[in-house]
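Undergrad: Fold the stuff below for me.
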Amino acid sequence: MIKFNKITNDAQLKVFAGIADEVWHEYFSFLLSKEQIDYMVARFQSYEAVKAQIADGYEYYFVEKNGEIAGYTGFCPKDDKLFLSKLYILKNFRNCGIGRKTLEFLIEKAHEYKLLKIMLTVNKHNEPTIKAYEKWGFQNVDSVVTDIGSGYVMDDYIMEKGI
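TA: Predicted structure coming up:
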């Protein structure tokens, strides 16, 4: 059974930060240097970063399967869209339908907020993830290069799905 547990306190944020660090170092090593992964985790996925994002209107949830944390998702409403900021699944839980169930959860949240689309950004070279989003009905609508400091950039596609 898959459940979504909203992250609401410091203890949960600390658990989140450990999981984010684990997922990023495991998954993105094929795409980014260890130094860039360390930088991006500290800047966007750390306890402090996510605490600030929550204060700024983002919602974060643990994705749980049979009582175990399998990953996490984070999003916020922006204009008429639900901006999907984060959707990461731990290695042992990939390819068993958790991504699809999380998308269904996000669609429900978008409906609650009366939003028309889900939008996300994805690294242009992250083919496995791009293919998954395309399979789920997302379309590439634009691209963007974002300077994130310390000589690093995010070179992303912007993808959207109407709901």
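Undergrad: Can you get me a residue count around the closest residue to E26 other than its chain neighbours?
TA: Ranked by CB to CB, 6 or more residues apart in numbering and with sequence neighbours excluded, the top spatial neighbour of E26 is K91, at 5.6 Å. No exception for glycine: its C-beta is placed from N, CA and C like everyone else's. Neighbour count of K91, defined by other CB atoms under 10 Å: 11.
Undergrad: Kindly report the same for I107.
TA: Neighbouring residues of I107 were enumerated by other CB under 10 Å; the total is 16.
Undergrad: elements contacting the host helix or strand of it?
TA: I107 belongs to helix 98-112 when assigned by DSSP states H and E. Contact analysis of helix 98-112 by 3 or more CB pairs under 8 Å, 6 or more residues apart in numbering; DSSP states H and E lists strand 2-6, strand 59-65, strand 68-78, strand 81-89, strand 117-123 as its packing neighbours.
Undergrad: and the gap between the residue nearest in space to the middle of the chain and K114?
TA: By CA atoms, centre = their mean, the chain has its centre lying nearest to K86, at 1.1 Å. When CB to CB, to the nearest Å is applied, the distance between K86 and K114 equals 22 Å.
Undergrad: go on, L82?
TA: With distances defined as CB to CB, the gap from L82 to K114 amounts to 10 Å.
Undergrad: These two: which is more packed in?
TA: Regarding L82 and K114, a neighbour count based on other CB under 10 Å identifies L82 as having more, with 25 against 8.
Undergrad: This completes my enquiry, with thanks.
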